[in-house]
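[1] take a look and give me a structure for this.
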Amino acid sequence: MTRAAVWEQELSAAERAALHPGLPQELNRRPDVLVVGGGVIGLATAVACRIAGLGSVVVIERAERLASAASGGNGGAIAPDMHALTDSAEFVAFGRASLALYRRLDAQWNGAIGLRTTRWLQMFPAAGGPPALPVGPQFELLDGAGIRVLEPDLALSEGCTALLVGGQGAVNPQRLAAALAGRAGIVASGVEATGVRVRGDRITAVHTSAGDFQPGALVVATGLIPPPWSQPVRQRWVKGHLLATAPGPWQLNSVVSSDQGGVSPLPAGGILSGGTLDHGDTSPEPRPEIVAGLVAGLHRLLPATRHAPLTHRWCCFRPVIDGRHPVIDQLPGTTNGWLSAGHFTTGVLMAAATGQALVSWILSNTRPPETATFDLPTHKPIASSVWAM
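    From the prediction side, this is the model:
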């Protein structure tokens, strides 16, 4: 059993190479846009900049591999309508715009993203149920009989119901990152940003382990907010466990979320399960007791998996700002610096729309209205002309 994410085994040699760009022989030191962070948010922003014709774009990533953290280890869901039960209307609208953009890009790129359409079943016990049925043709409330028609192999409790949500999306997140990387301009890995120099209200230089850059605009997409801008912000990495099984003798055509856990069918026939929130666990290794709990929940929900071998178990760390408050904002005190951070479990979902919003802001110097609720928690000024990252 491997501790790498299940997604890597599906990649072509070209996709693997795209995720390991290394240090190019030629690096534009004066790009029109410099993006710090080679996860899906940074890569999607770089692609959006190029599509909009903002000029030369350089992406730098500290790790040797792009999408090496949550961007490449998540479950690959792009399901904005599932957030109608938990998040604001503005959040859901932003996610829907992102999914629509992915669909357009995948069509234009001849399926390079590998976007597939999914349906979800949000299960509720007999005493539960959604507080209110969301509005839209994609939502349908099912009783036990309706659930069995769609998913006969699920184990259902007496009197349970489910919210059926159609028209959602899913990707191999590493394939998505590779597709974006190939269209993001100059991309370098193994390059760490160490600080910036500011004169007046402009960032004039970005210091890195590969030398200085003098960008026209800077976008920081590093998962968490880097110092000094992070000083007043409560944020952290939250670990999550996931696992995958070999294909087996079951039928599952929906992504299922329940109090027993979550399961998702993989394109090759296996099952993906997980997405735990393991607060305070900083170990990079999967914990056997957490994996055992996921396996038990999988077996209760889909009994036909009881004899299916596990092929992968892994963990990733998601960036969260207190209040689950993703940030898309301007760097305080600057007119040519922007920030996107704290997307928690929704980085892949939000990436395409985030890139588009940041491009709009760079071009117009005006905050796009769709980002109004994604502001930096505080704009406390920083009393320094040299800021460490």
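[2] for Ser258, grab the count of nearby residues.
    21 (other CB atoms under 10 Å). Where you see a C-beta, it was placed from the backbone N, CA and C, and this is true even at glycine.
[3] not counting sequence-adjacent ones, nearest residue to it?
    Met123 (3.6 Å; CB to CB, 6 or more residues apart in numbering).
[4] what residues does the host helix or strand of the one you found touch?
    Using DSSP states H and E, Met123 falls within strand 116-124. Here strand 116-124 makes contact (CB atoms under 8 Å, 6 or more residues apart in numbering) with 77, 79, 81-82, 85, 130, 142, 147, 150-151, 160-171, 253-260, 264, 267.
[5] now, of the residues you listed, which are buried?
    By neighbour count, with 16 or more other CB atoms under 10 Å, the contacts of strand 116-124 hold 77, 79, 81-82, 85, 142, 147, 150-151, 160-165, 167-171, 254-258, 260, 264 as buried.
[6] which ones among these are found in strands?
    77, 142, 161-165, 167-170, 255-258, 264 (DSSP state E).
[7] now, which of those residues sits nearest Asp32?
    Relative to Asp32, the closest of those is Gly169; by CB to CB it sits at 31.0 Å.
[8] now do the contacts for Asp87.
    Asp87 neighbours (CB under 8 Å, 6+ apart): none.
[9] same thing with the one 10 residues further on?
    Shown here is Ala97, whose contacts under the criterion CB under 8 Å, 6+ apart are Ala352, Ala353, Gln356, Glu370.
[10] look up phi and psi at it.
    Main-chain dihedrals, Ala97, degrees, to the nearest 10: phi -60, psi -40.
[11] then the one 4 residues further on?
    In this entry, Leu101 is assigned phi and psi values of phi -70, psi -40 (degrees, to the nearest 10).
[12] neighbours of it, just the number please.
    Other residues close to Leu101 by other CB under 10 Å number 17.
[13] just Gly275 next, same as before
    Neighbours of Gly275 (other CB under 10 Å): 19.
[14] ok, now Pro21?
    Pro21: 22 neighbours (other CB under 10 Å).
[15] who touches it in this structure?
    Applying CB under 8 Å, 6+ apart, the residues contacting Pro21 are Leu66, Ala181, Val187, Ala188, Ser189.
[16] equivalent analysis for Leu224, please.
    With CB under 8 Å, 6+ apart, Leu224 has these contacts: Ser230, Gln235, Arg236, Trp237, Pro319, Ile321, Ala341, Gly342.
[17] buried ones only from the residues you listed, please, as a PyMOL command.
    Selection of the buried residues among those in PyMOL, burial being defined by 16+ other CB under 10 Å:
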select buried, resi 230+235+319+321+341+342
